[in-house]
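Student: Just need the structure, nothing else, for what follows:
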Amino acid sequence: MFNSKMLKMVKYAAIGAVLGCFAATTATNAAPNFPRKQIQIVVPYAPGGASDTVARIYGKELENQLGKPVIIVNRTGASGAVGLESVKTSRPDGYTMSYMPVESTMISALGIADVSSDDFKFVCRVMTIPAAITVSADAPWNTLEEFLAYAKENPGKVMVGNSGSGSIWHVAAASLEKAASVKFNHVPFDGAAPAIAALLGKNITAVAVSPAEVKTNVDAGQFKVLAVIGDNRSSVVPDIKTTKELGYDVTAMGWGGFAVPKDTPADVVKILDEASAKVAQAPELVKLLKERGFEHAYLSGADMDAFAKDQLEQYKKLIPELLNK
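Tutor: This is a model prediction of the structure:
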C-alpha cells in the first residue's frame, strides 16, 4: 500500500517526466527540419550559358547531399536584376536560392535596380573568372609595363574593347587604368566575341575579357596575353603574371556563388553552407570549371559574405567614376 508521502513522490515524478518529454519535444521542434521539400535555384540568365551550366551541376550535387529535389529556374532580364529581385523578395526559408554572379555587387551602382549582394546570405562561392589584358601577337608591347608606358605617353589613344558598358570586363580595364594612372579609350561591344573579332581585325588596341575567351587565338599565334587581373594566375595561361605580381594593386574578376534571402534562419543557412562545402568539391563540378576555363575557387558562406561586401563597396566608388567619364 502507498502512503500519502509515496503518492506525492509518484505524482511529482510523473509531472517531471511529462515536463521532460515536453522539453524534448520543444527542442526537437526547434531544431531545423530542413529540407522537407523541393528546393528551387533561380539563375538570372538564360539557359545554356556558363552560369546556368554551373548552377545545374551544383543543383544536382546539392540534391545528392540533401536528399530532396533541386530544380533550376531561369529568370532573365535587366543584367540579372530580374532574377535576383525575385529571390530577394521570396520567402526566406531556404527553399528559394539564387545563383549569384559578380553583377550582384554592381547592379545597384549601375542604377539598374535596387538589389545587391547585401540583400542575400551566401552559402558558398564555387568559381572565379579573371580578366586578361590581351593584344595582337604583332603588337609592339611584350609586357604590361610597356603597354601601360605607351598608354601614359598617349592618353586616350589605346582602345580597349570589352563585353559591354558597365560589364565586369569594362570595370576590369577601368580598374587597371585607375591603378596605373593612364587613360584608355574604352570600346563596348555586345559581348566578348565581337570585341575579340574587332581585335583580330586590328580595329582596337586590346581587349579585356577572360583568358578562356582568347585562348584559341593565343594558341593560334594571333594574340598574346600581357597580364591577368585576378587574385591568382589563370590555369588557362599559367605563365602570365597577375597585375598584383606586376605591382598594380587591382583585382577585378567574374565569380559565381549561391545565396538565399538575407533573413533566412541561421540554422537553415548553416545546413546549406555545410552541404555546399561538399558540393563544391564534387569531381563533376571541378571538371566542368576546368573545361570552361574557370578557376575552382571555393569560399564558405561567411567568407563570401565578407568578400561580396568588399566588392560592393569597391564598385559603389568605381562605377560612378567610370560612367561619368
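Student: just for the stretch 201-325 of the chain, where's the confidence low?
Tutor: 323, 325 (pLDDT under 70).
Student: which residues of it fall in strands?
Tutor: Under the criterion DSSP state E, counting those that start in this stretch, the stretch 201-325 of the chain contains strands at 206-209, 223-229, 253-261, 295-300.
Student: For Ile71, find the nearest of those strands.
Tutor: strand 253-261 (14.0 Å; CB to CB). C-beta coordinates here come from the backbone N, C-alpha and C atoms, glycine included.
Student: Note down every partner strand of the longest strand seen in the chain and its orientation.
Tutor: As assigned by DSSP state E, the longest strand anywhere in the chain is strand 120-136. Paired strands of strand 120-136, with direction, are strand 206-209 (antiparallel), strand 223-229 (antiparallel), strand 253-261 (antiparallel), strand 295-300 (antiparallel) (DSSP bridges).
Student: residues in contact with the first one?
Tutor: Contacting residues not belonging to strand 206-209 are listed as 131-135, 139, 147, 158-163, 169-170, 172-173, 176, 192, 195-196, 198-199, 214, 226, 229 [CB atoms under 8 Å, 6 or more residues apart in numbering].
Student: about what we covered before: quick one, which of the strands paired with strand 120-136 is packed in tightest?
Tutor: strand 206-209 (a mean of 28; mean count of other CB atoms under 10 Å).
Student: quick revisit: out of the strands paired with strand 120-136, which is closest to Arg56?
Tutor: strand 253-261 (12.2 Å).
Student: For the closest one, output the C-alpha coordinates as CSV.
Tutor: What follows is strand 253-261, C-alpha atoms only, in CSV (Å, rounded to 0.1, in the frame of the first residue of the first chain):
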residue,chain,number,x,y,z
MET,A,253,37.1,39.3,-61.9
GLY,A,254,33.9,37.5,-62.6
TRP,A,255,32.8,35.0,-60.0
GLY,A,256,29.8,32.7,-59.2
GLY,A,257,28.3,31.5,-56.0
PHE,A,258,24.9,30.7,-54.4
ALA,A,259,22.9,32.5,-51.8
VAL,A,260,19.5,32.8,-50.0
PRO,A,261,17.5,35.9,-48.9
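Student: Nearest residue to the most centrally placed residue in the chain in space, please, no chain neighbours.
Tutor: Centroid check for the chain by CA atoms, centre = their mean gives Gly256 as the closest residue, at 2.6 Å. Residue nearest to Gly256 in three dimensions, not counting chain neighbours: Met127, with 5.2 Å by CB to CB, 6 or more residues apart in numbering.
Student: who's in contact with the residue nearest to Trp141 when sequence neighbours are not counted?
Tutor: Nearest-residue entry for Trp141: Phe147, 4.2 Å, with adjacent residues in sequence omitted and distances by CB to CB, 6+ apart. Contacts of Phe147 were listed using CB under 8 Å, 6+ apart, and they are 133, 135, 139, 141, 158, 206, 226.
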